[in-house]
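Trainee: Here is the input, now give the coordinates:
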Amino acid sequence: MIFKIYDNIFDSETIDYLYGYFRDLNPWFFIGQGGLNLNHRKFFSELKNNKAGKLLKDKATEIMEEENLLSEYVVDKSYASGNIFGTVHEIHVDGEAIKVGDVVTVMFYLNKIWEMEYGGETIFLTPSRKDIMQSVIPKPGRAVLFDGFIPHSAREISRICNDLRMVATIKYDKKPQGIIVDPDAI
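Mentor: From the prediction side, this is the model:
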């Protein structure tokens, strides 16, 4: 099963830029109230084809190439999400993952500063959902590559954190066999 953490994926100037863009310039929409899943409450935004979106998509492509996965997967969704104290997330799998290898996700943590006291770690569970396989702190400049079939969730943020916990997520679906997909067409 694919699971890898990358630290210092961006230099401090890029971390500053991404944090400033997503905190101050990115349009956010609050989702989850009154929908089908009342536990799914967060701020959401499509990843745009601007400088910030391009930086993240290019880095995700680089990670996928480095891990020799790009030939097997095609981008399905790319978005940013955020949460604050009081927004609780459900444990879930990504996309249409019904078995190992269906979906691969690259997730970037976008905050410039993250103190351990803030909480907000992403937990990854064992397939049985009876134990935590890994707990990842949203450290600036960090990315996680993982199989979307791994159950996971963002943990609640402490009330002492006065910032939006922000991540950018790029999900890749397994390519159907026998079909060639042009990555520039996406």
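Trainee: C-alpha only now, for contacts and for neighbours.
Mentor: Fine.
Trainee: For the spatially closest residue to P138 that is not a sequence neighbour, grab the count of nearby residues.
Mentor: Nearest residue to P138, sequence neighbours excluded (C-alpha to C-alpha, 6 or more residues apart in numbering): Y109, at 5.5 Å. Number of residues near Y109 (other C-alpha atoms under 10 Å) recorded here: 23.
Trainee: now swap in R129 and tell me
Mentor: Using other C-alpha under 10 Å: R129 sits among 13 other residues.
Trainee: now C161: how far from W114?
Mentor: Relative to W114, C161 is positioned 9 Å away (C-alpha to C-alpha, to the nearest Å).
Trainee: And for M107?
Mentor: M107 is 16 Å from W114, by C-alpha to C-alpha.
Trainee: Compare the two (neighbour count), which wins?
Mentor: Per other C-alpha under 10 Å, whichever of M107 and W114 has more neighbours is M107, with 22 against 18.
Trainee: thought that one was touching A143?
Mentor: Yes - the pair M107 / A143 is scored as a contact, 5.4 Å apart, by C-alpha atoms under 8 Å.
Trainee: after the helix or strand of the chain with the lowest mean pLDDT comes which helix or strand?
Mentor: Ranked by mean pLDDT, DSSP states H and E, the weakest helix or strand in the chain is strand 29-31, scoring a mean of 77. Remark: after strand 29-31, the chain's next helix or strand is strand 42-46, criterion DSSP states H and E.
Trainee: other SSEs contacting that next one?
Mentor: strand 29-31, strand 73-83 (3 or more C-alpha pairs under 8 Å, 6 or more residues apart in numbering; DSSP states H and E).
Trainee: helices or strands up against the lengthiest helix in the chain?
Mentor: As assigned by DSSP state H, the longest helix anywhere in the chain is helix 51-66. Packing partners of helix 51-66 (3+ C-alpha pairs under 8 Å, 6+ apart): strand 165-174.
Trainee: Which residues are in contact with the residue nearest to P138?
Mentor: With contact set as C-alpha atoms under 8 Å, 6 or more residues apart in numbering, Y109 has these partners: P138, K139, P140, G141, R142, A143, M166, V167, A168.
Trainee: how far out from the middle of the chain is stretch 154-171?
Mentor: 11 Å (C-alpha atoms, centre = their mean, to the nearest Å).
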